[in-house]
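1. I would like the atomic coordinates for the input below:
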Amino acid sequence: MSQAEAFVAELRGRAERKFSWLTVETALWTMVVVLAVMLRAYNLGWRLMQEGEAVQALAAWRFVQGEGATGSVTSPLVFTLQVIAFGLFGGSEVAARLGSVLWGLALVLLPLGLRRQLGRVGALIAGVLLALSPTALFFSRFVDGGIAVAAAALAVTVGLFNYLEERRPTHLYLAAAGLAVALSAAPGGYTVLLVTGTFLTFIALRGPAVWRERVQAAWQALRREGTVVRTGVTVFAAVFVLLSTTFLLHFPGLGQAADLLSAWLRAFGTKGATSWSFHLQLLALYEPLVLVLGLAGIGYFLAARRSDVLLAFLSWWVLLALVIYALAGGRTTADVLLLVVPLTLLAAKTIGLLLERASQEFVRDREGLFLAVASAMAVYSYLQWAAYAIGREYDFLVLGLLALALMVVLTVLYFFWFGLEPTLRAAGLALTLILVMVTVAAGLHVNFPRSEDPREPLVGVPTTTGVRDLLETLERASLSEAGQPGAVEVTMDQAVGPVLEWYLRDWPVLRVVEHLDPSVTSPVVLSPAEGEPVVGEEYSGQDFIVQQTWRPGDMSFGETLRWIMFRRTASRAEARRVVLWVIARPEESEAIADDLELAEYPY
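-> Numbers count the residues shown, from 1 in each chain. Sure thing, here's the model as predicted:
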């Protein structure tokens, strides 16, 4: 070897050692993280705060302003993160939701800890699915403790099952910290505790011998190593206390964290506004990919009688969580995340196995052709169903049904020609591709263009753009009355709600009263539109729609299909209005009347 060749070889060796960390897997995970950040951070502050978000944010904002936590703290963990965010960046919708964004990113990254159990491909697929998950994305952009509970539940899973295999104390500490986060974030943390505790207890007492020996061996190791147990308990206590008390600045947070248990128990005695199948409906509408392939993963585990303890735990998690939230009338929308997480891991395992088989035995001329034809027919069928939903012409319905029938015939013929396994592989790939497109479309719609649409079940009761119109009109009224925007005295009835209180938090002179009475003399008054006016005759008022609620009611098949596909309905949403009253002096009455124009709303 010449001197030049040796020099080049040395340079190549140095480069390989320097960039040994840069693998294809690392590059792919980096792309997943970038995608997750973009989706969660894009236009984060545009959607108006909902009532529950405003209640939580107001409590943290007042605490930062030195007024104490005078509002309702529904999640001590969220309160702590908002106090930090407001202290660093000031009060804003972005700062209020920043903690949810971070927990959403943690949820995407945590499958890295399950590469041993899911495989590298399966873990990467789980990360991609969680990055794109419509529900995980929505609650990563929403002030609620549910996304933290979901991430904490996955951290508990990663820590426990890695500890069962490797006996490394750091894994146990991760599980302890995850449990502390879950129990300080939302009542759903107790679902995580129940699911995990019952599974480990069952395995230790009645499980298969292989699993029982593994759990009992881990327990015996813990009994021998008292230091590990004490450190784990310390980690749990420290994380729980610090997060609940805002790092020892807000000790009532411990009581509020303890109240999460009573809130979880009360849910079972509450008659909720949603049916027992509410979470299944959400999964079908927004998460068809993980619902179908996750259930397929449970079926595979049961049929193959595999000794995979993680698959057993995920199956148990799904089934027990379904039972819990079917019985709990006080279920919340965010609780669906505790179904999405295990279903996503099961779906990732299923897709990983499918891709592994396809990479080994995929025949382009046969299975590739099936995949192309099935996908084209699915798109054609979708277009026909969409045309029927819009125009209600039965020709489109017949064509859509005919396309589905042809897909079934194609699958049956493929089975007779090539056998069961190639048919399952080809049909599985086609179904996965179709469900990916449906899920991605659902996620983009609910999180961006329709994030304030009351006909989206995931959205709940949104705050409408009427709030922006009201605030603009209030600024104009202040300019007319006080000579500058944001300077006029405003009296607000407490029944108006926390949303406007949040958006007027920096208003110099804002008085919030329990009940308005005719003695009020403020130049501007805000009151609910319901009931008789309680201000004097010298006031002129204009109402604004600030919230909307939509209930399905009785819909025909065509109306139901139109709602499922486009969230369009003939029935209008119920509006909640707030009246902006401005004192009308004779010389200003005409100008004020011109300012207070009724806005048109799309729902």
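
2. run a quick neighbour tally on D469.
-> 20 (other C-beta atoms under 10 Å). Using the backbone N, CA and C atoms, a C-beta is placed for each residue, glycine as well.

3. assign it to helix, strand or coil.
-> Following DSSP: H, G, I helix; E, B strand; the rest coil, D469 is assigned to helix.

4. and it, what's its pLDDT?
-> Confidence at D469, expressed as pLDDT, is 95.

5. where does the stretch 1-150 of the chain have low pLDDT?
-> Where the stretch 1-150 of the chain drops to pLDDT under 70, the residues are 1-22, 69-71.

6. next, count neighbours for the closest residue to L39 other than its chain neighbours.
-> Using C-beta to C-beta, 6 or more residues apart in numbering and skipping the chain neighbours, the partner closest in space to L39 is L137 (5.7 Å). Using other C-beta under 10 Å, L137 has 24 other residues around it.

7. and V467, by the same measure?
-> 20.

8. can you check the one 10 residues further on too?
-> The local packing count at A477 equals 24, with neighbours defined by other C-beta under 10 Å.

9. same thing with G255?
-> 11.

10. mind listing what's buried in the helix or strand encompassing it?
-> Here G255, judged by DSSP states H and E, is contained in helix 252-266. By 16 or more other C-beta atoms under 10 Å, the buried positions in helix 252-266 come out as 253, 256-257, 260, 263-264.

11. tell me what angle the host helix or strand of L310 forms with helix 252-266.
-> Per DSSP H and E, L310 falls inside helix 309-327. For helix 309-327 against helix 252-266, the angle between stretch directions is 80 degrees (axes from the mean of the first three to the mean of the last three C-alpha atoms, to 10 degrees).

12. buried residues in whichever helix or strand comes after helix 309-327?
-> Going down the chain from helix 309-327, the next helix or strand is helix 337-361, by DSSP H and E. By 16+ other C-beta under 10 Å, the buried positions in helix 337-361 come out as 337-355, 357-358.

13. which helices and strands does helix 337-361 pack with?
-> helix 115-132, helix 134-140, helix 146-166, helix 278-286, helix 288-304, helix 309-327, helix 420-447 (3 or more C-beta pairs under 8 Å, 6 or more residues apart in numbering; DSSP states H and E).

14. export these to JSON lines and append columns for distance to W507.
-> Shown next, in JSON lines, are these (distance: least, C-beta to C-beta, whole Å):
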{"stretch": "helix 115-132", "distance to W507": "39"}
{"stretch": "helix 134-140", "distance to W507": "30"}
{"stretch": "helix 146-166", "distance to W507": "31"}
{"stretch": "helix 278-286", "distance to W507": "37"}
{"stretch": "helix 288-304", "distance to W507": "44"}
{"stretch": "helix 309-327", "distance to W507": "40"}
{"stretch": "helix 420-447", "distance to W507": "30"}
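
15. what residue ranges in the stretch 151-300 of the chain score low on pLDDT?
-> For the stretch 151-300 of the chain (pLDDT under 70), the answer is none.

16. sorry, back to before: export only the CA atoms of the helix holding G255, formatted as CSV.
-> The C-alpha trace of helix 252-266 is given here as CSV (Å, rounded to 0.1, in the frame of the first residue of the first chain):
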residue,chain,number,x,y,z
PRO,A,252,-51.8,23.2,48.2
GLY,A,253,-50.9,21.3,45.1
LEU,A,254,-50.4,18.1,47.2
GLY,A,255,-54.0,18.2,48.2
GLN,A,256,-55.0,18.9,44.6
ALA,A,257,-53.0,15.9,43.5
ALA,A,258,-54.7,13.7,46.1
ASP,A,259,-58.0,14.9,44.8
LEU,A,260,-57.3,13.3,41.5
LEU,A,261,-58.0,9.9,43.1
SER,A,262,-61.4,11.0,44.3
ALA,A,263,-62.1,12.5,40.9
TRP,A,264,-61.2,9.1,39.3
LEU,A,265,-63.5,7.3,41.7
ARG,A,266,-66.3,9.8,41.2
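
17. got the contact list for that helix?
-> 69, 73, 76, 79-80, 183-184, 186-191, 240-241, 244-246, 330 (C-beta atoms under 8 Å, 6 or more residues apart in numbering).

18. that one vs helix 146-166, what angle?
-> 90 degrees.

19. gap between helix 252-266 and the chain center?
-> Offset of helix 252-266 from its chain centre (C-alpha atoms, centre = their mean, to the nearest Å): 22 Å.

20. domain assignment for this protein?
-> 100-354, 362-447, 466-595 (automatic domain parsing).

21. endpoints of the first one, how far apart?
-> Start-to-end span of domain 100-354 (C-alpha to C-alpha, to the nearest Å) is 33 Å.

22. what segments of the stretch 1-150 of the chain are helices?
-> 3-18, 24-41, 51-64, 76-89, 93-109, 115-132, 134-140, 146-166 (DSSP state H, counting those that start in this stretch).

23. tell me which of those helices sits most buried.
-> Each of these was scored by mean neighbour count; the highest is helix 134-140, a mean of 27, by mean count of other C-beta atoms under 10 Å.

24. ok, the residue lying closest to S381 once chain neighbours are set aside to F566 distance?
-> Once flanking residues are discounted, S381 sits nearest to A403: 3.7 Å by C-beta to C-beta, 6+ apart. Distance, A403 to F566, by C-beta to C-beta, to the nearest Å: 19 Å.

25. so for these two, which sits in the more crowded spot?
-> Set A403 next to F566 and count neighbours by other C-beta under 10 Å: A403 wins out with 19 against 14.

26. from L410, how far out is that one?
-> A403 is 11 Å from L410, by C-beta to C-beta.

27. is it true that V210 touches S307?
-> Yes. Between V210 and S307 there is a contact under C-beta atoms under 8 Å: 5.4 Å.

28. shouldn't L248 be within a helix?
-> No. Read with three-state DSSP, L248 is coil and lies in no helix.

29. OK, contacts around it?
-> So, once contact is read as C-beta under 8 Å, 6+ apart, L248 ends up touching 241-242.

30. and it, backbone torsions?
-> phi 70, psi 20 (degrees, to the nearest 10).

31. that older thread, what do A403 and L410 both touch?
-> Common neighbours of A403 and L410 (C-beta under 8 Å, 6+ apart) are M377.

32. what is the burial count for L500?
-> The number of residues packed near L500 is 25, by other C-beta under 10 Å.

33. L404 now?
-> 16.

34. contacts only, for it.
-> Contacts of L404 by C-beta under 8 Å, 6+ apart are S381.

35. that's a helix at it, yeah?
-> Yes. If the criterion is three-state DSSP, then L404 is within a helix.

36. give me the pLDDT for it.
-> Reading off the model, L404 has pLDDT 91.

37. how close does it sit to T23?
-> Look at L404 and T23: by C-beta to C-beta, they are 43 Å apart.

38. ok, R450 next?
-> 39 Å.

39. cool, and A60?
-> 41 Å.

40. same question, D493
-> 61 Å.

41. tell me which of the two has more neighbours.
-> Comparing D493 with T23 by other C-beta under 10 Å, the one with more neighbours is D493, at 19 against 11.

42. surely that one touches R511?
-> No. With contact defined as C-beta under 8 Å, D493 does not reach R511; the gap is 10.2 Å.

43. any residues in contact with both of those two?
-> Counting by C-beta under 8 Å, 6+ apart, nothing touches both D493 and R511.

44. coming back round to it: got the angle for the helix holding G255 vs helix 76-89?
-> Going by the same axes, to 10 degrees, helix 252-266 makes 140 degrees with helix 76-89.

45. for E456, phi and psi?
-> phi -90, psi 110.

46. could you do the one 10 residues further on as well?
-> The phi and psi torsions at G466 (degrees, to the nearest 10) take the values phi -60, psi -30.

47. looks like it contacts Q542 (just checking).
-> No. Counting by C-beta under 8 Å, G466 stays clear of Q542, with 10.7 Å between them.
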